[in-house]
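Colleague: quick one, what's the 3D model for this:
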Amino acid sequence: MSENKQIYRFGEYMDRYRRFIGEFLKMSEIRYCDKGELIDSPQGEAMHSLHLVVSGVIECSFVSSTGQKKITGFMESGVFIGMSALDGYLNHHTFSCRTSAVVASAQVEKIDSWDTDM
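Modeller: Here you go, the predicted structure:
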């Protein structure tokens, strides 16, 4: 593939991504979260929404079978959390605010009825 085609495809992808984010934000509730606040259901329960981190830092962790908390990562601006909610799977991690954060949250029911023909 030529370099010009790669640049065009990347530009096309970014345009679709911007439209997707715009549509997601229209259906979302903007939440201002305090440090330590859970983003959704804890580990072992089903998540109810898809979340987009707008600002702040979100900690991803789980409790092992021995009862130890393991931090597996940090999510920052632009990252989606809760993709498992779309398929109805149980949450394998707990997502909590490491700092104060702003999160855009859309309930699964709204996303399921969304016309994704972009």
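Colleague: which ones are touching V108?
Modeller: Going by Cβ atoms under 8 Å, 6 or more residues apart in numbering, V108 touches H48, S49, L50, A85, L86. For glycine as for every other residue, the C-beta is placed from the backbone atoms N, C-alpha and C.
Colleague: how about the third one, what does it touch?
Modeller: Right, L50. F24, F80, I81, G82, M83, A85, L86, S105, A106, V108, I111.
Colleague: next one: the longest helix seen in the chain to chain centre, how far?
Modeller: What stands out as the longest helix in the chain, according to DSSP state H, is helix 3-27. Here the centre of helix 3-27 is set off from its chain's centre by 18 Å, with Cα atoms, centre = their mean, to the nearest Å.
Colleague: then stretch 65-81?
Modeller: The answer for stretch 65-81 is 12 Å, by Cα atoms, centre = their mean.
Colleague: and that stretch, how far apart are its ends?
Modeller: Taking Cα to Cα, to the nearest Å, stretch 65-81 runs 23 Å from one end to the other.
Colleague: what are the buried residues along it?
Modeller: M75, I81 (16 or more other Cβ atoms under 10 Å).
Colleague: can you count the residues close to I111?
Modeller: 16 (other Cβ atoms under 10 Å).
Colleague: let me see the ranges of the strands in this protein.
Modeller: Counting by DSSP state E, one finds strands in the chain at the ranges 29-33, 49-55, 58-63, 69-75, 80-81, 94-97, 101-107.
Colleague: turn these into TSV, columns for distance to R16.
Modeller: Shown next, in TSV, are these (distance: least, Cβ to Cβ, whole Å):
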stretch	distance to R16
strand 29-33	23
strand 49-55	16
strand 58-63	25
strand 69-75	22
strand 80-81	15
strand 94-97	26
strand 101-107	18
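Colleague: what's in contact with stretch 19-34?
Modeller: Counting by Cβ under 8 Å, 6+ apart, 39, 50, 52, 54, 56, 97, 100-106, 110-111, 114, 118 sit against stretch 19-34.
Colleague: between the contacts of L50, which is nearest C60?
Modeller: I81 (7.9 Å; Cβ to Cβ).
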